[in-house]
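[1] Make a model of this:
(one chain, ligands or ions: 1)
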Amino acid sequence: MVGIGDEVLSKFKQDIDEEETRPQSDRKLKVGIIGTGWIAESHVESYKRMKDVEIVALADLIEGKAERFAERFGLPLARCYRSGHEMLENEELDAVSVCTYNSTHAECTIDALEHGVHVLLEKPMCVTLDEAVEIMRAEKKSGKILSIGFQPRFDPNMQMIKKIVQSGVLGEVYYIQTGGGRRRGIPGSTFIEKSTAGIGAVGDIGCYSLDMVLNAIGYPKPLTVTGYTSDFFGKNPEYTPPEDAKRFSVDDFAAAFIRLEGGIILDFRISWAMHMDTSGDTLILGKKAGLRIPSTECWNGSIGGPMTIYTDIGGQPIQYQVPVLRNEGPGLFDRKIRSFLDAIITGGPSPVPSKEILYNQAIIDGICRSAELGREVEIVIPEI
Ligand SMILES: NC(=O)c1ccc[n+]([C@@H]2O[C@H](COP(=O)([O-])OP(=O)(O)OC[C@H]3O[C@@H](n4cnc5c(N)ncnc54)[C@H](O)[C@@H]3O)[C@@H](O)[C@H]2O)c1
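    Sure, this is the predicted structure:
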């Protein structure tokens with residue numbers, strides 16, 4: 001992946017070299033990596049900092065890629081395979097990180113769970129709602145831990161949003177505007193083709209916007225969606241490198257109007273490319289106060305400055321700022337990996353549970369279906 005995303009993701013890679021948090025297992029957990037591409041680097045760097053982990057196997061569909069990765073990351077003893085399935089058939093693993101592109105998230109995760117292996121699955125959970133349901137059925141049957149890789153959950157500012165909502169200071173929340181996105185930031189590589197990514201900006205960075213607000217308000221069930229997607233920039237060879245424009249087959253912009261259980265309205269938009277600096281800050285409106293969360297230039301689940309709370313006190317409109325909090329201690333990626341390992345050791349619960357991200361995926365699925373049909377769609381979640 002190239003472009004603006006690198007700059008922001010590098011923030012997640014700046015992990016502080018610190019002792020990992022307890023508890024640790026009394027034996028080393030045997031971990032395998034499925035998909036040795038770009039994000040696998042962050043997983044491996046984090047796992048290597050965990051003293052109770054041994055990375056024993058790597059798998060990638062591309063010939064020689066896992067071997068080159070093993071060499072680059074100093075893993076001479078890791079056994080290399082040409083697919084996640086081959087690895088699972090031949091190894092006795094405790095856990096895997098599924099770091100493949102979106103279109104193989106479901107098959108690799110289900111396969112791992114069926115082999116009795118705990119899974120840390122990269123975001124977005126998968127491509128469709130049906131896939132998310134199948135993943136959760138496999139999870140339920142296996143009894144294993146499944147955590148979805150939303151590292152912004154460990155950002156103290158993201159946690160503050162949830163604390164503000166849960167404190168009751170906003171009162172009953174009735175309307176949320178979220179999204180944001182990039183003026184110019186279409187990734188390349190496997191992110192822009194339907195066969196590998198399945199979905200574009202709506203899944204890649206839209207899932208972060210949805211998680212930020214839905215997690216804060218307790219993930220109410222989504223009921224209906226009117227969605228829109230477009231691809232005017234990605235497909236344009238005067239904007240996107242012609243070789244990328246030719247294979248571009250996902251969305252680069254999405255907007256949606258979503259009704260959530262409890263009468264809450266969610267107004268959403270996300271962009272990899274647009275002729276605008278921002279599609280707006282995130283606003284959470286409650287009956288007692290409103291919260292503004294500044295957007296960032298490169299939306300990927302962080303905040304763009306101090307948040308502001310707007311309210312009336314003594315009949316006067318008052319606003320006050322919530323200072324930006326610094327992340328102390330281990331970096332977000334280390335926290336994401338550590339929380340997954342701790343859940344394995346203690347028997348759970350999953351730090352980022354599928355039962356929450358299911359609704360995130362259901363909204364993404366609803367946006368894509370509604371955009372295709374040109375009308376509002378109902379979200380029906382099958383029994384798991
Ligand atoms: N959490 C984050 O901050 C973050 C950042 C970037 C990407 N991601 C997510 O990580 C995932 C991967 O992104 P990336 O940039 O590393 O992609 P990538 O294309 O660089 O790497 C994916 C790799 O998976 C391999 N693969 C696919 N199916 C496989 C299978 N069945 N068995 C073995 N290998 C298989 C591919 O050959 C490829 O090498 C995406 O879902 C993306 O959304 C998360």
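
[2] And the contacts of stretch 294-302?
    Stretch 294-302 has contacts (C-beta atoms under 8 Å, 6 or more residues apart in numbering) with 4-5, 7-9, 11, 150-152, 155, 157-158, 179-183, 185, 205, 208-209, 211-212, 270, 277-282, 303-307. C-beta here means a position set from N, CA and C on the backbone, and glycine is covered the same way.

[3] how is this structure carved up into domains?
    Domain ranges of the chain: 4-152+331-352, 156-326+362-378, per automatic domain parsing.

[4] Contacts only, for the closest residue to residue 90 other than its chain neighbours.
    Of all residues not flanking residue 90 in the chain, residue 81 sits nearest, at 7.0 Å (C-beta to C-beta, 6 or more residues apart in numbering). By C-beta under 8 Å, 6+ apart, residue 81 lies in contact with 57-59, 66, 87, 90.

[5] List only buried entries from these.
    Buried subset of the contacts of residue 81 (neighbour count, 16 or more other C-beta atoms under 10 Å): 57-59, 66, 87.

[6] one step back: just the buried residues out of the contacts of stretch 294-302, in PyMOL syntax.
    Buried members of the contacts of stretch 294-302, defined by 16+ other C-beta under 10 Å, are picked up in PyMOL with:
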select buried, resi 4+5+8+9+150+151+152+155+157+158+179+180+181+182+183+185+205+208+209+211+212+270+278+279+281+282+303+304+307
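
[7] So which of the buried ones among the contacts of residue 81 is the closest to residue 342?
    Using C-beta to C-beta, residue 57 comes nearest to residue 342 of the buried ones among the contacts of residue 81, at 22.0 Å.

[8] Could you check how far the closest one is from residue 94?
    Shown here: residue 57 relative to residue 94, a distance of 11 Å by C-beta to C-beta, to the nearest Å.

[9] Equivalent analysis for residue 238, please.
    50 Å.

[10] Compare neighbour counts for the two and give me the winner.
    A direct count of neighbours by other C-beta atoms under 10 Å for residue 238 and residue 94 places residue 94 higher, at 21 against 7.

[11] How about the contacts made by the residue nearest to the more buried one when sequence neighbours are not counted?
    Of all residues not flanking residue 94 in the chain, residue 29 sits nearest, at 4.4 Å (C-beta to C-beta, 6+ apart). Residues in contact with residue 29 (C-beta under 8 Å, 6+ apart) are 52-54, 94-95, 341, 344-345.

[12] If we use 7 Å, what do you get?
    By C-beta atoms under 7 Å, 6 or more residues apart in numbering, residue 29 lies in contact with 52-53, 94-95, 341, 344.

[13] Please apply the same query to residue 124.
    With C-beta under 7 Å, 6+ apart, residue 124 has these contacts: 102, 203, 207, 361, 364.

[14] please redo it, this time with the cut-off set to 6 Å
    Neighbour list for residue 124: 203, 207 [criterion: C-beta atoms under 6 Å, 6 or more residues apart in numbering].

[15] Excluding sequence neighbours, find me the nearest residue to the residue of the chain found nearest the ligand.
    Residue nearest to the ligand within the chain (C-beta to the nearest ligand atom): residue 37, separated by 1.8 Å. Nearest non-adjacent residue to residue 37, counting by C-beta to C-beta, 6+ apart: residue 99, 6.4 Å away.

[16] got a pLDDT number for the one you found?
    What the model reports for residue 99 is a pLDDT of 98.

[17] That one touches residue 122, doesn't it?
    Yes: using C-beta atoms under 6 Å, residue 99 is in contact with residue 122, at 5.5 Å.

[18] Spatially central, which residue of this structure would that be?
    Closest to where the C-alpha atoms of the chain average out (C-alpha atoms, centre = their mean) is residue 123, at 3.5 Å.

[19] Now do that residue against residue 66, distance only.
    To residue 66, residue 123 is 22 Å away according to C-beta to C-beta.

[20] and what of residue 344?
    The gap separating residue 344 from residue 66 is 23 Å, by C-beta to C-beta.

[21] what's the answer for residue 73, then?
    Remark: distance between residue 73 and residue 66 (C-beta to C-beta) = 11 Å.

[22] With residue 42 instead?
    For residue 42, the distance to residue 66 - C-beta to C-beta - is 16 Å.

[23] Then residue 232?
    37 Å.

[24] same check, this time on residue 59
    Going from residue 59 to residue 66 by C-beta to C-beta gives 6 Å.

[25] who does the helix or strand residue 333 falls within touch, helix- and strand-wise?
    Using DSSP states H and E, residue 333 sits within helix 332-346. Applying 3 or more C-beta pairs under 6 Å, 6 or more residues apart in numbering; DSSP states H and E, we find helix 332-346 packed against helix 38-49.

[26] what residues does the helix it packs on touch?
    Outside helix 38-49, the residues that touch it by C-beta under 6 Å, 6+ apart are 1, 13, 31, 33, 53, 55, 73, 97, 99, 122, 333-334, 337.

[27] Off-centre distance for the longest helix seen in the chain?
    The longest helix of the chain (DSSP state H) is helix 354-373. For helix 354-373, the gap between its own C-alpha mean and the chain's C-alpha mean amounts to 14 Å (C-alpha atoms, centre = their mean, to the nearest Å).

[28] what does stretch 126-142 give?
    Chain-centre distance of stretch 126-142: 16 Å, with C-alpha atoms, centre = their mean.

[29] Around the ligand, which positions in the stretch 51-200 of the chain sit nearby?
    Counting by C-beta under 6 Å from any ligand atom, the stretch 51-200 of the chain comes close to the ligand at 59-62, 65, 83-84, 99-102, 104, 108, 122-123, 149, 151, 189-190.

[30] Which of those residues fall in strands?
    59, 122, 149 (DSSP state E).
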